[in-house]
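Colleague: Build me a model:
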Amino acid sequence: MKLDVDFVRAQFPAFSEPSLAGQAFFENAGGSYTCAPVLDRLTRFYRERKVQPYGPYEASRLGGEEMDEARARLAAMLGVAVDEVSFGPSTTQNTYVLAKAFVRHLSPGDAIIVTNQDHEANSGPWRRLADAGIEVREWQVDPDSGHLDPAKLESLLEGRVKLVCFPHCSNIVGEINDVAGIVKTIHAAGALACVDGVSYAPHGLPDVAALGADIYLFSSYKTYGPHQGIMVIRRELGMALPNQGHYFNGDTLYKRFTPAGPDHAQIAACAGMADYVDLLYEHHSGAGGEPIARARSVHDLMRAHEVDLAEPLLEYLSAKNSLRLIGPQNAAARAPTIAIELPGPAEQVAAALAGHGIMAGGGDFYAVRLLQALGIDPDKGVLRLSFVHYTTPGEVDQLIGALEQVL
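Modeller: Residues are numbered from 1 along each chain as shown. Okay, the predicted model is just below:
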């Protein structure tokens, strides 16, 4: 089954916006376009439900129900319990709060493992635990390919390792790590696994249950929704960690790691992400099916389309001697987040591409440690060309044509 891209694009108002006409969006790793169901729910909440939720009056009751709906429907699609899904202002903030909980949960001499493949959000907060006497070990990438070798993890797991933090895929390298296999290795050593899924989730909601992660984080504004961070934390772990919220909310798992007041409207609008998955499923496969099965089916449709689009772009870039392609050349082994090192500053090339209707970015993308490990000057940065399932073959052709002229 092929993804109906015309139907997909009809669900995104951006593609009928005159100011964006003729421009191809290739900076989706920084944030995706928002789908219509999310915008509709957000607008309705602000117009009809913008009161304190969970009260006895109608507008309040409906607002609370919409917030609960978002949590319940996303949990069902992720394969986890409803209260194991938390919302926060961003994944960076969610991780920071989580690290503050762990610093009280661990003891001096305990160890955690981080990588230098990660975005700083799943690296920096954990590294700060060293100030409390926690040993921080680094699982390092191959300096040529950026690959994170699972075989090198096993020796790092010796001793009092309690937690391993790693990405589902890097926002620069793009290679999809074998999360399920890595998590099994971590659990066999008696440690916990925290997975940063920010760069993977836009390409299809993950089956967190199948991955086995104890913590899984991603961002709704990169998965066609509002600007929220979404965190799955398994109940046993979440209730064992020190409460970071108000003391009287300590018995409610999804409130334990949200010390600030939640954004009611944006949480409610996240149900539109589930609406969108259901729309795609019903259009391609008809009605019926459990939520997690629908999400898996849509995930596979998205990934198949993205792989088809990535192949000609990777082939083109691989043949260029004037640049360095970061990550795998095999489209099926990676997300379509494709970074290249150029002789000069990447931001200048991104600016030149804008003149050809290509919206892309250049810089370090908060992956400074990774660029340094790859021998790339962070000030020079990389050009990042990232797309998702609503991208068309014509837009990839437009990109390649623009690159040919600019490079």
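Colleague: what about the residue lying closest to L313 once chain neighbours are set aside, distance to A304?
Modeller: Sequence neighbours aside, V396 is the residue nearest to L313 in space, at 5.6 Å (criterion: Cβ to Cβ, 6 or more residues apart in numbering). Just so you know, the C-beta spots here come from the backbone N, C-alpha and C atoms, and that holds for glycine as well. Distance, V396 to A304, by Cβ to Cβ, to the nearest Å: 15 Å.
Colleague: which ones are touching L383?
Modeller: Contact analysis of L383 by Cβ atoms under 8 Å, 6 or more residues apart in numbering lists 339-340, 342, 346, 349-350, 360-362.
Colleague: That one belongs to a helix?
Modeller: No - using DSSP: H, G, I helix; E, B strand; the rest coil, the assignment for L383 is strand, not a helix.
Colleague: Spatially nearest residue to it, not counting backbone neighbours?
Modeller: Using Cβ to Cβ, 6+ apart, the closest residue to L383 is A346 (4.3 Å).
Colleague: returning to what we had before: neighbour count for V396 and A304, which is higher?
Modeller: V396 (22 against 16; other Cβ atoms under 10 Å).
Colleague: Wait, a strand at that one?
Modeller: No - using three-state DSSP, the assignment for V396 is helix, not a strand.
Colleague: Next up, the contacts around it.
Modeller: For V396, the contacting residues are 309, 312-313, 387, by Cβ under 8 Å, 6+ apart.
Colleague: and those, which two are the farthest apart?
Modeller: Within those, P312 and F387 form the most distant pair, 12.2 Å apart (Cβ to Cβ).
Colleague: between the two, which one's more packed in?
Modeller: Ranked by neighbour count (other Cβ under 10 Å), P312 and F387 place F387 first, with 28 against 15.
Colleague: Do I have it right that the more buried one meets E27?
Modeller: No - F387 lies out of contact with E27 (Cβ atoms under 8 Å); the separation is 9.0 Å.
Colleague: List just the nearest of the contacts of L383 to L325.
Modeller: Using Cβ to Cβ, those come closest to L325 at I340, 5.6 Å.
Colleague: what about the strands in this structure?
Modeller: Under the criterion DSSP state E, the chain contains strands at 24-25, 85-88, 111-115, 135-139, 161-167, 192-196, 215-219, 229-233, 324-325, 337-341, 358-359, 361-363, 382-386.
Colleague: Output the third one in CSV with nothing but the alpha carbons.
Modeller: Listed in CSV are the C-alpha atoms of strand 111-115, where the atom choice follows Å, rounded to 0.1, in the frame of the first residue of the first chain:
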residue,chain,number,x,y,z
ALA,A,111,26.9,5.5,37.5
ILE,A,112,24.9,6.6,34.5
ILE,A,113,25.7,6.3,30.8
VAL,A,114,25.1,9.1,28.2
THR,A,115,26.1,9.3,24.6
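Colleague: I'd like the distance between Y96 and F25.
Modeller: With Cβ to Cβ as the criterion, Y96 and F25 are 29 Å apart.
Colleague: if we can go back for a sec, any chance of CSV for the strands of the chain, columns distance to A70?
Modeller: Below are the strands of the chain laid out as CSV (distance: least, Cβ to Cβ, whole Å):
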stretch, distance to A70
strand 24-25, 26
strand 85-88, 8
strand 111-115, 31
strand 135-139, 34
strand 161-167, 25
strand 192-196, 21
strand 215-219, 14
strand 229-233, 10
strand 324-325, 38
strand 337-341, 26
strand 358-359, 29
strand 361-363, 29
strand 382-386, 26
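Colleague: quick one, which of those strands is nearest to N177?
Modeller: Between the strands of the chain, strand 161-167 lies closest to N177; by Cβ to Cβ that is 6.6 Å.
Colleague: In space, not sequence, find me the middle residue of the chain.
Modeller: Residue closest to the average C-alpha location in the chain (Cα atoms, centre = their mean): V198, at 1.4 Å.
Colleague: hang on, that one packs against N94?
Modeller: No - between V198 and N94 there is no contact under Cβ under 8 Å: 10.5 Å.
Colleague: now Y54, nearest residue through space, not along the chain?
Modeller: Counting by Cβ to Cβ, 6+ apart, the residue nearest Y54 is G64, at 3.9 Å.
Colleague: Can you give the domain ranges for the chain?
Modeller: 5-33+296-406, 42-273 (automatic domain parsing).
Colleague: Output those domains as CSV; include the columns mean pLDDT and distance to Y281.
Modeller: CSV is the format used below for these (pLDDT from 0 to 100; distance: least, Cβ to Cβ, whole Å):
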stretch, mean pLDDT, distance to Y281
domain 5-33+296-406, 98, 5
domain 42-273, 97, 10
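Colleague: closest one to H283 among these?
Modeller: Ranked by Cβ to Cβ, the member of those that lies closest to H283 is domain 5-33+296-406, at 5.4 Å.
Colleague: Now do the same contact list for the residue nearest to E66 when sequence neighbours are not counted.
Modeller: Spatial nearest neighbour of E66, chain neighbours left out: A268 (3.8 Å); criterion: Cβ to Cβ, 6+ apart. Counting by Cβ under 8 Å, 6+ apart, A268 touches 41-42, 45, 49, 63, 66-67, 69-70.
Colleague: swap in A367?
Modeller: 118-120, 170-172.
Colleague: swap the cut-off to 10 Å and go again
Modeller: A367 sits next to 116-120, 123, 146, 167, 170-173, 199, 339, 373-374, 376, 378, 381-382, 384 when contact means Cβ atoms under 10 Å, 6 or more residues apart in numbering.
Colleague: coming back round to it: among the contacts of L383, which one is most surrounded by other residues?
Modeller: Of the contacts of L383, with other Cβ under 10 Å as the count, A339 tops at 30 neighbours.
Colleague: wait, isn't that residue in contact with I172?
Modeller: Yes - judged on Cβ atoms under 10 Å, A339 makes contact with I172 at a distance of 4.7 Å.
Colleague: what's the overlap in contacts for those two?
Modeller: Common neighbours of A339 and I172 (criterion: Cβ under 10 Å, 6+ apart): 29, 146, 326-327, 365, 367, 370-371, 374, 376, 381-382, 384.
Colleague: Next step: these restricted to helices.
Modeller: 370-371 (DSSP state H).
Colleague: any idea how far the closest residue to A29 other than its chain neighbours lies from Q372?
Modeller: With sequence-adjacent residues excluded and distances taken as Cβ to Cβ, 6+ apart, A29 is closest to S386, at 3.6 Å. Separation of S386 from Q372 (Cβ to Cβ) stands at 21 Å.
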